[in-house]
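Visitor: Quick one, fold the following:
(2 chains)
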Protein chains: 2
Amino acid sequence: MNPVMQLLRSHRSIRKFTDRAVDDGMIQEIVRCGQAAATSSNVQATTVIHVRDAATRRKIARLAGDQQYVVTAGAFLVFCADLDRDRRACAMQGGEFVAGMTEHFIIATIDVALFAQNCAIAAESLDLGICYIGGIRNDPAQVSELLDLPDQVYPVFGFCIGYPAQDPEVKPRLPLSVVLKQGRYQRAHDTAGILAYDEQLRQYYRTRTGGTKESCWTREIKMLLGKESRPHMRGFLKARGFSMR
Amino acid sequence: MNPVMQLLRSHRSIRKFTDRAVDDGMIQEIVRCGQAAATSSNVQATTVIHVRDAATRRKIARLAGDQQYVVTAGAFLVFCADLDRDRRACAMQGGEFVAGMTEHFIIATIDVALFAQNCAIAAESLDLGICYIGGIRNDPAQVSELLDLPDQVYPVFGFCIGYPAQDPEVKPRLPLSVVLKQGRYQRAHDTAGILAYDEQLRQYYRTRTGGTKESCWTREIKMLLGKESRPHMRGFLKARGFSMR
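Guide: Got it, this is the predicted structure:
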C-alpha cells in the first residue's frame, strides 16, 4: 500500500479541533484540488461558500442539529450544487437553460461530491481533519437564505476543516465481498458478511463509548432508514427550481 | 504543494489504455480505499460491480454512446447507489425500510461519488488512469438488467481503469474566484472570470484538436444544458423504487 492509499484508508471524521485557524491560502489550495476532480462534461457545477461570519456559523450549527464543531472548526465551508452559473453561461451564449431535469440534478450533486472528496483528501494530506455536515439539509431553506443562494443552487453539505484535537480510530466498514460484486449483483453471501460486520461494529461501539452504546450496523440502519428522512427535501428542491422532471 | 495535492491536481480522464490487465488484487485495494471515504451516518450505500464479461462490456460501451474504452480499459466497474442492502438490514432487525424519499436518494448518490473519487485517487496513485462513464445513464434500465440490479439500486456511473496509453494535458478549470465565494453567494465578478475562462478554454480546444475545435466554456454549456438531458431518468428511477417524494 503506497502513502496515498494509506492516507485514504486512515480517514475518520474529526469533530474536535484546536483553536488554530486554517488560513485563506490553505483553503484556496484545498479548493483548487477540489476543482481538479472529474466533472461531468466539464459542467463544473460546484460552488463553495467559505462561511466567515461567527453568527452565521452559530445559526448553521444549531439548525444542523447542534453540531458545535461547525462553530469550532478552523474553517467552515458549504458545498453547493450550482446550476445557476450554467444558466448564466447559456444566457451569455443567447441560449436558455432547461431547468428542472432530474439528470441535471444528479450531475450537479455528483460533481459536488467528487469535488468535495478531493478537498477532503487534500486537507488530510495537510494534517487537517474534516467532517461532512449533511445536517445542513435539516433546514436547507434557511441555509440558502443565510448564504444568499439563488434558484438553481442548493446546499448539499457543510464541511468542517481544522487541526484535530482528537485521534479517533478508523470506523470499520462492511466486508469487501459485500460491497464489490463480480459480474453482476448477487446477494447470496451478503447476510453472513453483514452479520459478521454487525459483530465487529458492536465491539467498535462498546470500545468507543466505554460500554454505554449497544448497537450494530443493521440496528443503526433500521433506526435511520426505517423512518422518513427530511421529508421537506422534495418541496425545498422544487421551490428552488429543481422540479425533478 | 505536497505530493498528494500534486497528484490531485494532475488528474485528467484517460480514454486510451494499454493491453495490460488490472489484476483483481489491485481492484480490491482500490475499492478498499473507496470504502474508507466518509459515508452519511455509515449507511454505506455503494455497491461496485466489476463487469468481467466481454459481451456485457461491449453492450455497455455501445449504449453509453460508443465509448470504446469501456471495452479496452484494463478493468471496468459500475458504481451503484444501493438502498436494497439497507432495506435488507432493516428487515434483519424486523423493521421496514421507508422507500422513495428524495433525501435517501441524495444520501446514496453522494455516498457513491465520495467512494468513487477515493477509488480514482487510489488508482492514480498506482499510475493507473481512470475515466468516469456517466453515459451509462443513457440507458440505465438496460444496464440494470445486464447487471441484475434489484429495485432500490441504480447505476450511477461506470468507471474505466487501466494503464494509460496517452498523456493528455490537464484541462483548465474556472478561476478560483468564480467557484469559491466569501461569506455568501455573490455573482458580481463572475462574468469577467467566465469570459477569461472562455478564452483559456478556446486555446485549450485549439491546441488539443490541432485547430479543428472552435468552442469555449459557455458555448459547450449551452449545447449541453440548453436542451433536455436524459429525460427518461425520472421515470427510470421511479420504476426502480426511487419515487422522489
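Visitor: now the residue nearest to residue A:149 when sequence neighbours are not counted: how far from residue A:144?
Guide: Excluding the flanking residues, the one nearest residue A:149 by CB to CB, 6 or more residues apart in numbering or on different chains is residue B:185, at 5.1 Å. Placement of C-beta: from N, CA and C, glycine included. Distance, residue B:185 to residue A:144, by CB to CB, to the nearest Å: 9 Å.
Visitor: What of residue A:3?
Guide: Residue A:3 is 40 Å from residue A:144, by CB to CB.
Visitor: more neighbours, those two?
Guide: Set residue A:3 next to residue A:144 and count neighbours by other CB atoms under 10 Å in any protein chain shown: residue A:144 wins out with 22 against 11.
Visitor: and that one, that one's in a helix?
Guide: Yes. If the criterion is DSSP: H, G, I helix; E, B strand; the rest coil, then residue A:144 is within a helix.
Visitor: The residue nearest to it when sequence neighbours are not counted: which element?
Guide: Leaving aside its sequence neighbours, residue A:144 sits nearest to residue A:155 (CB to CB, 6+ apart; 6.1 Å). Element membership for residue A:155 (DSSP states H and E) is strand A:153-162.
Visitor: name the helices or strands packed onto that strand?
Guide: When contacts are defined as 3 or more CB pairs under 8 Å, 6 or more residues apart in numbering or on different chains; DSSP states H and E, strand A:153-162 packs onto helix A:69-72, strand A:75-82, helix A:102-125, strand A:129-133, helix A:140-146, helix B:102-125.
Visitor: could you point out which element follows that strand?
Guide: Using DSSP H and E, the helix or strand that follows strand A:153-162 in sequence is helix A:176-179.
Visitor: next helix or strand past that following helix?
Guide: Following helix A:176-179 in sequence order, the next helix or strand is strand A:180-182 (DSSP H and E).
Visitor: Tell me the strands beside that next one, with direction?
Guide: Here strand A:180-182 has these sheet partners by DSSP bridges: strand B:46-51 (parallel).
Visitor: mean confidence for the one helix or strand residue A:203 maps to?
Guide: Taking DSSP H and E as the criterion, residue A:203 maps to helix A:190-209. Across helix A:190-209, the average pLDDT comes to 96.
Visitor: Check the gap between the nearest residue to residue A:230 once chain neighbours are set aside and residue A:231 for me.
Guide: Setting aside the residues directly before and after it, residue A:230 is nearest to residue B:103 in space (CB to CB, 6+ apart), at 4.0 Å. Here the criterion is CB to CB. By it, residue B:103 lies 8 Å from residue A:231.
Visitor: do residue A:89 as well
Guide: From residue A:89 to residue A:231 the distance is 33 Å (CB to CB).
Visitor: These two: which is more packed in?
Guide: residue A:89 (29 against 14).
Visitor: Tell me which residues touch that one, please.
Guide: By CB atoms under 8 Å, 6 or more residues apart in numbering or on different chains, the residues touching residue A:89 are B:194, B:217, B:218, B:221, B:222, B:225.
Visitor: anything in contact with each of residue B:185 and residue A:144?
Guide: Here residue B:185 and residue A:144 have residue A:153 as joint contacts, going by CB under 8 Å, 6+ apart.
Visitor: that older thread, go ahead and confirm the residue nearest to residue A:149 touches residue A:150.
Guide: Yes. Between residue B:185 and residue A:150 there is a contact at 6.5 Å, judged by CB atoms under 8 Å.
Visitor: for residue A:239, what are its contacts?
Guide: Contact analysis of residue A:239 by CB under 8 Å, 6+ apart lists residue A:141.
Visitor: And chain A, what are its domain boundaries?
Guide: Chain A breaks down into these domains under automatic domain parsing: A:3-169+A:231-239, A:176-214.
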